[in-house]
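A.B. asks: I would like the atomic coordinates for the input below:
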Amino acid sequence: MYKSYSMEIGNKTLTVEIGRVCAQANGAALMRYGETTVLSTATASDKPRDGIDFFPLSVEYEEKQYAVGKIPGGFNKREGKASENAVLTSRVIDRPMRPLFPKDYRNDVTLNNMVMSVDPQCRPEITAMLGAAIAASISDIPFDGPCAMTQLGMVDGQLIVNPSQQEWDEGDLQLTVASTMEKVIMIEAGANEIPEAKMLEAIYMAHDINQTINAFINQITAEVGRPKHEYTSCAIPEEMFAAMKEIVTPAEMEEAVFTDQKQVREENIRKITEKFEEAFAENEEWLAVLAEAVYQYQKKTVRKMILKDRRRPDGRDMKQIRPLAAEVDLIPRVHGSAMFTRGQTQICDIVTLAPLSEVQKVDGLDENIVLKRYMHHYNFPSYSVGETKPSRGPGRREIGHGALAEKALVPVLPSIEEFPYAIRAVSETFESNGSTSMASTCASCMSLMAAGVPIKKMVAGISCGLVTGDTDDDYVVLTDIQGLEDFFGDMDFKVTGTHDGITAIQMDIKIHGLTRPIVEEAIAATREARLYIMDEVMSKAISEPRKEVAPYAPKIIQIQIDPMKIGDVVGQRGKTINEIIERTGVKIDITDDGAVSICGTDRAMMDKAVEMIEIITTNFEAGQIFKGKVVSIKEFGAFIEFAPGKEGMVHISKLTKGRINHVEDVLTLGDQVTVVCLGKDKMGRISFSMKDVPKANENKN
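C.D. replies: Below you'll find the predicted structure:
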């Protein structure tokens, strides 16, 4: 049965078509927002896979190049692996929706979102987010929706609902908020130092809009939604928990988990697990779910300790940050390095500087290729958590963590005019026990300063956790959560910023949303913590950016030339510019507006390249003095090369003040001479004189 529904969001029409396509999917919605079109589907397997002990949810965001009238580049001419933007969009869709599926559900579920056309005024990402929520809501898959999402931008201080791509890219705020009917369930933000009060205003403006969208989704679900199917619960039997408590009492479990050393805790749990294995040796059904049962026992214990006893597993106060350490310059020869340690989380960040020709070119669903000047990459090797497995390249988590730290630092980077470099920061995880992305932000900020990048302000990040009880006002917010509190808690609320405001937010939760008091308390707690980290730790390692880049970093000189002279500098088929590069060993980048960047490590050679370019682009007025080399001798005079690809002629009568019969009486090939410009002849050729060189310059030959 075909149905079409429409509503206005941000002065644009959202249309949802149900029953027109994909009848075999559990749920499908053809979404149109303006002329942006996304097909969203939800499918589930009939039963769980054997041995599965988690909820296998897959969220896909597929960028089709035909959506913007492009044929994919490369040999295959097919879309390849997901772009970074596609991965990040999939994560943003996943985070608010995952908690709304039953915790004991083990069937495979895939939420697929295929971008089929793009209207630059209506971003496909928000269209896909809404489509995924609608497809899941109307399907027969157990899902406790609805769940709506809104994006806000900010231009000239004004908040814009679901901004255009240009407003999103160029504005001071990139905020995505997801909500259930009552609570905020996900926040993702990049911001140009937005004050906390303004950020809260934006979050709850989006939350209010989400309520109208949720009502719209409820209307669709009421009319075309399918009854939710039955499934086999994978919950641990209560009688098993009772038996476990007789073998290991709650007090013994508390003692096992109450330590600030992750390795000690894991060893304690290993011994407890062995006790259970021995006790349940004859019960195959219980042995099959023992790992999950032990996990749940730990979780109940930790949550009770925090919520009822106000005790954290490592003995800290609720707002206390783990021991901190910071240092710079620990890696020799690199352009910048820093290490930040918080408890058992340790990140080493290395910065590399390069000419602007090294910027990353991002070809996505955009009419133009985006040039990315700052790149932040995050690595999470298995040894950081004491495990052994081969590296297979960055996964979605690594890409997401790198993007969050990148988003945190972009607002404080200098402009290209102030600092004409491409910049790459790489965060290597040496040790992990909670919130490595926030440690990456701190380490990267210090590493940038150590590399001589003139960032405007210092940036730090911290994460808050949450444990909730049976009522909305029964909760505890935890500052600086470690891994155990993340695994067993309800929230991971990461916030980065300067002294003056927020630069990034990423909120993950495992429950059906947060009340406003929780959000306000978390934002306030993260501000207090990040100010402490900057003032008491980071600034003592390095308080401001270094005035010069590192000795091994490339140096860059920028000059401006007349754009009409670019062809003279480049030369025919690049001959002139390549000769300058060969003679001086520098790298040269020229933009269409005539901005020239000369990059190298030898300052004398860089100055020589600048001199050559300035000579090539001069207007050659009479009286200018040049140095050059004799490259050709004729009967009537000699040709002097005064810059790569640039020659002028000295007539035989202008060689010396006395009369000579042959040019060779004065010059030979390869001679270095000083000449004065006489202007251009009738044919536009440059004329020189040696005999008219001012006396002050004569001895320079």
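
A.B. asks: center of this structure - which residue?
C.D. replies: Nearest to the geometric centre of the chain sits residue 403, at 2.1 Å (C-alpha atoms, centre = their mean).

A.B. asks: so who does the closest residue to it other than its chain neighbours touch?
C.D. replies: Nearest residue to residue 403, sequence neighbours excluded (C-beta to C-beta, 6 or more residues apart in numbering): residue 88, at 5.5 Å. For every residue, glycine as well, the C-beta is placed using N, CA and C. Listed by C-beta atoms under 8 Å, 6 or more residues apart in numbering, the contact partners of residue 88 are 399, 400, 403.

A.B. asks: Which of the residues you listed sits closest to residue 10?
C.D. replies: Closest to residue 10 out of those is residue 403 (24.8 Å), distances taken as C-beta to C-beta.

A.B. asks: That closest one contacts residue 84, correct?
C.D. replies: Yes - Residue 403 is within contact range of residue 84, at 6.9 Å (criterion: C-beta atoms under 8 Å).

A.B. asks: Averaged pLDDT, the one helix or strand residue 275 maps to. What do you get?
C.D. replies: Using DSSP states H and E, residue 275 maps to helix 262-279. Computed over helix 262-279, the mean pLDDT rounds to 92.

A.B. asks: Neighbouring strands - and their directions - for whatever helix or strand residue 37 lives in?
C.D. replies: Element membership of residue 37 [criterion: DSSP H and E] is strand 36-44. Strand 36-44 sits in its sheet next to strand 27-33 (antiparallel), strand 109-117 (antiparallel), going by DSSP bridges.

A.B. asks: Which pLDDT value belongs to residue 615?
C.D. replies: For residue 615, pLDDT reads 85.

A.B. asks: Find the residue closest to it in space, skipping its chain neighbours.
C.D. replies: Once flanking residues are discounted, residue 615 sits nearest to residue 643: 4.2 Å by C-beta to C-beta, 6+ apart.

A.B. asks: for residue 193, same thing?
C.D. replies: residue 501 (3.5 Å).

A.B. asks: cool, residue 60 as well?
C.D. replies: Residue 60 sits nearest to residue 112 (C-beta to C-beta, 6+ apart), 4.7 Å away.

A.B. asks: Please look at that neighbour and residue 40 and confirm they touch.
C.D. replies: Yes - the pair residue 112 / residue 40 is scored as a contact, 7.1 Å apart, by C-beta under 8 Å.

A.B. asks: Comparing these two, which residue is more hemmed in?
C.D. replies: Per other C-beta atoms under 10 Å, whichever of residue 112 and residue 40 has more neighbours is residue 40, with 28 against 22.

A.B. asks: what angle separates the lengthiest helix in the chain from strand 27-33?
C.D. replies: Ranked by residue count under DSSP state H, the longest helix found in the chain is helix 196-224. Here helix 196-224 points in a direction 130 degrees away from that of strand 27-33 (axes from the mean of the first three to the mean of the last three C-alpha atoms, to 10 degrees).

A.B. asks: in the next helix or strand after helix 196-224, what counts as buried?
C.D. replies: Note on helix 196-224: by DSSP H and E, the next helix or strand toward the C-terminus is helix 238-247. Neighbour counts over helix 238-247 (16 or more other C-beta atoms under 10 Å) mark 240, 243, 244 as buried.

A.B. asks: helix/strand/coil for residue 309?
C.D. replies: Following DSSP: H, G, I helix; E, B strand; the rest coil, residue 309 is assigned to coil.

A.B. asks: Show me what the helix holding residue 275 is packed up against.
C.D. replies: helix 238-247, helix 250-257, helix 290-307, helix 483-488 (3 or more C-beta pairs under 8 Å, 6 or more residues apart in numbering; DSSP states H and E).

A.B. asks: What residues of it count as buried?
C.D. replies: Neighbour counts over helix 262-279 (16+ other C-beta under 10 Å) mark 262, 265, 268, 269, 272, 276 as buried.

A.B. asks: Just the CA atoms of that helix, as CSV, please.
C.D. replies: The C-alpha coordinates for helix 262-279 follow below in CSV (Å, rounded to 0.1, in the frame of the first residue of the first chain):
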residue,chain,number,x,y,z
LYS,A,262,43.2,-2.6,34.9
GLN,A,263,45.5,-5.7,34.8
VAL,A,264,44.8,-6.5,38.4
ARG,A,265,41.1,-6.3,37.9
GLU,A,266,41.2,-8.5,34.8
GLU,A,267,43.3,-11.1,36.7
ASN,A,268,40.8,-11.1,39.6
ILE,A,269,37.9,-11.6,37.2
ARG,A,270,39.7,-14.4,35.4
LYS,A,271,40.0,-16.3,38.7
ILE,A,272,36.4,-15.8,39.5
THR,A,273,35.4,-17.0,36.1
GLU,A,274,37.4,-20.2,36.7
LYS,A,275,35.4,-20.8,39.9
PHE,A,276,32.2,-20.5,37.9
GLU,A,277,33.4,-22.8,35.1
GLU,A,278,34.3,-25.5,37.7
ALA,A,279,30.9,-25.1,39.5
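
A.B. asks: Between helix 290-307 and it, find me the angle.
C.D. replies: Using the same axes, to 10 degrees: helix 262-279 against helix 290-307 is 130 degrees.

A.B. asks: Tell me which residues are up against helix 262-279.
C.D. replies: Helix 262-279 is contacted from outside by 243-244, 247-248, 252-253, 255-257, 259, 287, 290-291, 293-294, 298, 313, 344, 386, 433, 482-484, using C-beta under 8 Å, 6+ apart.

A.B. asks: I'd like to know how many residues surround residue 664.
C.D. replies: Neighbour count of residue 664, defined by other C-beta under 10 Å: 12.

A.B. asks: secondary structure class for it?
C.D. replies: helix.

A.B. asks: Likewise for residue 574?
C.D. replies: At residue 574 the chain is in helix, as set by three-state DSSP.

A.B. asks: So what's the residue count around it?
C.D. replies: Using other C-beta under 10 Å, residue 574 is surrounded by 10 other residues.

A.B. asks: re earlier: need the contact list for the residue nearest to residue 193.
C.D. replies: Contacts of residue 501 (C-beta under 8 Å, 6+ apart): 191, 192, 193, 194, 195, 196, 198, 199.

A.B. asks: Widest-spaced pair of those residues?
C.D. replies: Taking C-beta to C-beta as the measure, the contacts of residue 501 span a maximum distance of 14.0 Å, between 192 and 196.

A.B. asks: re earlier: ok, now how distant is the residue nearest to residue 615 from residue 608?
C.D. replies: Per C-beta to C-beta, to the nearest Å, residue 643 is found 11 Å from residue 608.

A.B. asks: more crowded one of the two?
C.D. replies: The residue with more neighbours, out of residue 643 and residue 608, is residue 643; 23 against 18, by other C-beta under 10 Å.

A.B. asks: follow-up on the earlier one: whichever of the contacts of helix 262-279 end up buried, select them in ChimeraX.
C.D. replies: Selecting just the buried residues from the contacts of helix 262-279 in ChimeraX takes one command, with 16+ other C-beta under 10 Å as the test:
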select :243,244,248,253,256,257,259,290,293,294,298,313,344,433,482,483,484
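
A.B. asks: Helices - which of the contacts of residue 88 land there?
C.D. replies: In this view, the contacts of residue 88 that belong to helices under DSSP H are 399, 400, 403.

A.B. asks: okay, the last one: pLDDT?
C.D. replies: In the predicted model, residue 403 carries a pLDDT score of 96.

A.B. asks: returning to that earlier point: could I get the average pLDDT for the strand holding residue 37?
C.D. replies: Strand 36-44 carries an average pLDDT of 98.

A.B. asks: who touches it?
C.D. replies: So strand 36-44 is contacted by 21-22, 25-31, 67, 107-119, 122-124, 127-128, 131-132, 134-136, 139, 141, 229 (C-beta under 8 Å, 6+ apart).

A.B. asks: now the strands for the stretch 1-150 of the chain?
C.D. replies: Listed in chain order, the strands of the stretch 1-150 of the chain (DSSP state E, counting those that start in this stretch) span 3-9, 12-18, 27-33, 36-44, 57-63, 109-117, 148-155.
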